[in-house]
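Participant: Could you work out the structure for the sequence below:
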Amino acid sequence: MHGIQTETRTFGGYSELLRIAWPLIISTGSFSLLNFCDRMFLGWYSPEAFRAAVPAGILCFTMVCGFVALAAYSNTFVAEYFGAGEYGKCSMATMQGIWLSLLAWPVILALIPLGLFFLKLSGHGPAVYEQERIYFTILMIGAVSQPVTAAISGFFSGRGDTKTVMTANVIGNVVNIVLDYVFIFGKFGLPEMGIAGAAIASVIAGWLSPGIMLAVFFSKRNHARFATRKALRWNREQMHRMIRYGGPSGIHLFLDLAAFSLFILLLGRQGEAASIASNMALSINLFALLPMIGLGIATSIMVGQYMGAGRPDWAEKAGWMALKAGMVYTIPLVATFVLFPRFYVDLFGQNDGVAASPEVFEICRQLLIILVGWGVMDAANFIISGALKGAGDTRFVMLFHNTVAWAFFATGELVLVLGFGAGPIAAWLWCLLYITIIGLGFCIRFKSGRWKTIDILERRTPMEDERIPVEH
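Facilitator: Next up is the predicted model:
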């Protein structure tokens, strides 16, 4: 096959997965800590700010996530080009993701009025809406940093250099946490800014990580090997491939998060105690959720590299191996949700914080029990969908996930909450059923092996595809 160096590759096993994954897990783990601290500080600050942070923050990411996923698909192209030994094209694919991100900025700004309309429509009350309006608007103004970060991260993570991504993200997230505390409460002589300070801190720190990675990208060392400084130009053919294969991934993530945002907005209508308890549980779940996103990215990288090297059999092994590793982390962690609920809830304030109410604690305790099944199935969701995306099977991921998200999950939540007046427990159980269906569906698809003949680099002929060794 043209340029594919199958003879130089061996199956890396758990050692390769760990080498790629641990920096990504630390990176996404630091993002978990950032989001948790952000919400914890706001929980200390005021109930209105805490209730506003989750729906406004998730809605903001929903508005930009399609661009993030599209730009992030440079990761898969880099992985396959690197696996095929075509190093010069790694930087070219990365720059197309950056160009797409910058072109998305005017669109992101134009979406602000639409987001405010949805927040107003959710009926969370004037005091909470005002906090949501401030937080959402400021976050959206600086939100273009998110797709830029996703695009430039792909250059490093796609080659397995996840340590650079980890270092940049950890620095950015630590700075964000410090700025959060300083801006929210008005420390070191600065004015007390509340939820506006949390948003401003996110915007400022949001440019730190991509700035670090861009400096390394254009360094003399990377230019010598990958011709990074010559990759600034627009590449029409690569852009077409980026949109063709990354587009479904962007649509998939947007529709998925839009359905989940609807779920969050509906929870906000169920009274102060239910809203606060749900926001707590969602914040606590970050410790299980975001590290699995990192492992899913690592799985996508391994699968992409093995597919680029012409070894779909190894790609399949990598997917199942990553799922087992994910369970080793997730199951013990979610068990602590059930065993130590008081510890988690008290983090939001024992006396005068949002956790002071016994009613809030009891609702949150029941939601933490639901998070046990939620965490396990979410791990399968992110890891196996990452494997499918790494192989280029983005169209199936998009169609299956979004069909279930809207035909089953969103429709069911509307009927339960608005039609029957169901409380938070019923709404969360319905969400758990939805996540279970998605996780099992992805596992069945991956097991079928239909993704093994996909060639996103568009170089193999059917005859060559047939010669690729596949273990059964």
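
Participant: average pLDDT across the helix or strand harbouring residue 403?
Facilitator: Assigning secondary structure by DSSP states H and E places residue 403 in helix 394-404. Mean pLDDT, computed over helix 394-404, is 89.

Participant: before we move on, what about stretch 40-56?
Facilitator: In the prediction, stretch 40-56 has an average pLDDT of 89.

Participant: end to end, how far does it reach?
Facilitator: This stretch, stretch 40-56, spans 15 Å end to end (CA to CA, to the nearest Å).

Participant: Show me what that stretch is in contact with.
Facilitator: Contacting residues not belonging to stretch 40-56 are listed as 38-39, 119, 122, 124, 127-133, 135-136, 139, 180-181, 184-185, 194-195, 198, 261, 264-265, 268, 272, 275-276, 278-280, 282-283, 347-349, 353-355 [CB atoms under 8 Å, 6 or more residues apart in numbering]. Where you see a C-beta, it was placed from the backbone N, CA and C, and this is true even at glycine.

Participant: out of those, which are inside strands?
Facilitator: The members of the contacts of stretch 40-56 all map outside strands under DSSP state E.

Participant: element containing the nearest residue to residue 456 once chain neighbours are set aside?
Facilitator: Leaving aside its sequence neighbours, residue 456 sits nearest to residue 392 (CB to CB, 6 or more residues apart in numbering; 4.0 Å). Using DSSP H and E, residue 392 falls within no helix or strand.

Participant: check contacts around residue 392.
Facilitator: Residues counted as contacts of residue 392 (CB under 8 Å, 6+ apart) are 76, 245, 307, 451, 454-456.

Participant: Show the backbone phi and psi for it.
Facilitator: phi 90, psi 10 (degrees, to the nearest 10).

Participant: do you know how far it is from residue 405?
Facilitator: Going from residue 392 to residue 405 by CB to CB, to the nearest Å gives 21 Å.

Participant: before we move on, what about residue 373?
Facilitator: Residue 373 is 18 Å from residue 405, by CB to CB.

Participant: Give me the average confidence score over stretch 241-249.
Facilitator: Mean pLDDT, computed over stretch 241-249, is 80.

Participant: so what's residue 336 scoring on pLDDT?
Facilitator: Looking at residue 336, its pLDDT is 95.

Participant: And the helix or strand hosting it, what does it pack against?
Facilitator: Per DSSP H and E, residue 336 falls inside helix 312-339. With contacts taken as 3 or more CB pairs under 8 Å, 6 or more residues apart in numbering; DSSP states H and E, helix 312-339 sits against helix 13-45, helix 272-308, helix 358-390, helix 424-448.

Participant: In contact with residue 174, which residues?
Facilitator: residue 30.

Participant: scratch that, residue 24 is what I was asking about
Facilitator: By CB under 8 Å, 6+ apart, the contact set of residue 24 is 157, 162, 165-166, 294-295, 297-298.

Participant: If we use 6 Å, what do you get?
Facilitator: 162, 294, 297-298 (CB atoms under 6 Å, 6 or more residues apart in numbering).

Participant: next one: residue 279
Facilitator: Residue 279 touches residue 54, counting by CB under 6 Å, 6+ apart.

Participant: From the contacts of stretch 40-56, which land in helices?
Facilitator: 38-39, 119, 127-133, 135-136, 139, 180-181, 184-185, 195, 198, 261, 264-265, 272, 275-276, 278-280, 282-283 (DSSP state H).

Participant: Any idea how many residues pack against residue 46?
Facilitator: For residue 46, the neighbour count with other CB atoms under 10 Å is 16.

Participant: Just want the phi and psi numbers for it.
Facilitator: Here is the backbone geometry of residue 46 (degrees, to the nearest 10): phi -170, psi 150.

Participant: SS state for residue 411?
Facilitator: Under the three-state scheme (DSSP: H, G, I helix; E, B strand; the rest coil), residue 411 adopts helix.

Participant: Report how many residues lie close to it.
Facilitator: Residue 411: 13 neighbours (other CB under 10 Å).

Participant: And the pLDDT for it?
Facilitator: Per-residue pLDDT puts residue 411 at 95.

Participant: Same check on residue 467?
Facilitator: Per-residue pLDDT puts residue 467 at 37.

Participant: Measure how far the helix holding residue 336 is from the centre of its chain, please.
Facilitator: 17 Å (CA atoms, centre = their mean, to the nearest Å).

Participant: What are the buried residues along it?
Facilitator: Using 16 or more other CB atoms under 10 Å as the burial criterion, the residues of helix 312-339 that qualify are 312-323, 325-326, 329-330, 334, 336-337.

Participant: cool, and stretch 370-378?
Facilitator: 370-372, 374-378.

Participant: same check, this time on stretch 198-209
Facilitator: Neighbour counts over stretch 198-209 (16+ other CB under 10 Å) mark 198-206, 208-209 as buried.

Participant: For the stretch 351-472 of the chain, give me the ranges with low pLDDT.
Facilitator: Residues of the stretch 351-472 of the chain meeting the criterion pLDDT under 70: 351-356, 457-472.

Participant: re the thing from before, please spell out which residues along the helix holding residue 403 are buried.
Facilitator: 394-398, 400-402, 404.

Participant: Heading C-terminal from the host helix or strand of residue 78, find the next helix or strand.
Facilitator: Counting by DSSP H and E, the element that carries residue 78 is helix 74-83. On the C-terminal side of helix 74-83, the closest following helix or strand by DSSP H and E is helix 88-110.

Participant: residues in contact with that next one?
Facilitator: 64, 67, 70-71, 74, 77-78, 81-82, 143-144, 147-148, 151, 154-155, 226-228, 231, 235, 238-239, 242.

Participant: How far off centre is stretch 193-201?
Facilitator: 22 Å.

Participant: now it: mean pLDDT?
Facilitator: 94.

Participant: quick check: angle from the helix holding residue 336 to helix 358-390?
Facilitator: Inter-element angle recorded for helix 312-339 and helix 358-390: 180 degrees (by axes from the mean of the first three to the mean of the last three CA atoms, to 10 degrees).

Participant: Tell me which residues touch residue 229, please.
Facilitator: By CB under 6 Å, 6+ apart, residue 229 lies in contact with 218, 223.

Participant: ugh, typo on my part, it should be residue 394
Facilitator: Counting by CB under 6 Å, 6+ apart, residue 394 touches 245, 248-249.

Participant: is it possible to export those residues to a markdown table including secondary structure and distance to residue 416?
Facilitator: Below are those laid out as a markdown table (DSSP: H, G, I helix; E, B strand; the rest coil; distance: CB to CB, whole Å):
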| residue | secondary structure | distance to residue 416 |
| --- | --- | --- |
| 245 | helix | 36 |
| 248 | helix | 29 |
| 249 | helix | 30 |
